[in-house]
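> For reference, the sequence and a predicted model appear below.
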Amino acid sequence: QVQLVESGGGLVQAGGSLRLSCVASGSIFSINAMGWYRQAPGKRRELVAHITSGGSTNYADSVKGRFTISRDNAKNTVYLQMNSLKREDTAVYYCYADIIGLRPKVPYDYWGMGTQVTVSS
């Protein structure tokens, strides 16, 4: 079994910062890409940031220059540093990871339960 657990969400004022973390645990052989999606009320889930096993990143246009994704492969953890937060960043943030399990050794996308980020004006 594999689990992803997010932490770090909360309430912050506009212009503030938050750092999200997501730890993968369980029967893991290796982890390929990891990243973050978000879903605001009444809207579709959207990609926020993505990072490959080699460290290549890409971001949604709406967060470029404000958010930074990183990962610690030794800890099976992905981070999302969010700066200069805006009200429109308010959403539930979901971590995902493309993980190869121990048995069978095939890739599969796993998701966390989500963490709420609320930005107030």
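Yes, it's here. Source: prediction; values computed, not measured.

> dump the residue contacts of I31.
24, 53, 73, 76, 97-100 (C-beta atoms under 8 Å, 6 or more residues apart in numbering). (Glycine included, C-beta is placed from N, CA and C.)

> To which secondary structure element is it assigned?
Assignment of secondary structure by DSSP states H and E places I31 within strand 28-39.

> In this protein, what residue spans correspond to strands?
Applying DSSP state E to the chain gives strands spanning 2-7, 10-13, 18-26, 28-39, 46-51, 57-59, 67-72, 77-82, 91-101, 107-111, 115-120.

> re earlier: which of the contacts of I31 are buried, as a PyMOL select command?
Command for PyMOL that selects the buried part of the contacts of I31, burial taken from 16 or more other C-beta atoms under 10 Å:
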select buried, resi 24+76+97+98+99
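
> Reformat the contacts of I31 as a markdown table; add distance to N32 and pLDDT.
Output for these, formatted as a markdown table (distance: C-beta to C-beta, whole Å; pLDDT from 0 to 100):
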| residue | distance to N32 | pLDDT |
| --- | --- | --- |
| A24 | 11 | 98 |
| S53 | 5 | 95 |
| N73 | 11 | 96 |
| N76 | 12 | 97 |
| A97 | 8 | 98 |
| D98 | 4 | 97 |
| I99 | 7 | 96 |
| I100 | 7 | 95 |
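
> chain center to the strand holding I31, what's the gap?
Centroid separation for strand 28-39 versus its chain: 7 Å, with C-alpha atoms, centre = their mean, to the nearest Å.

> picking that back up, and among the strands of the chain, the most buried is which?
strand 77-82 (a mean of 23; mean count of other C-beta atoms under 10 Å).

> OK, contacts around the residue lying closest to D98 once chain neighbours are set aside?
Leaving aside its sequence neighbours, D98 sits nearest to N32 (C-beta to C-beta, 6 or more residues apart in numbering; 4.0 Å). Contacts here follow C-beta under 8 Å, 6+ apart; on that basis N32 touches 52-53, 97-100, 107.
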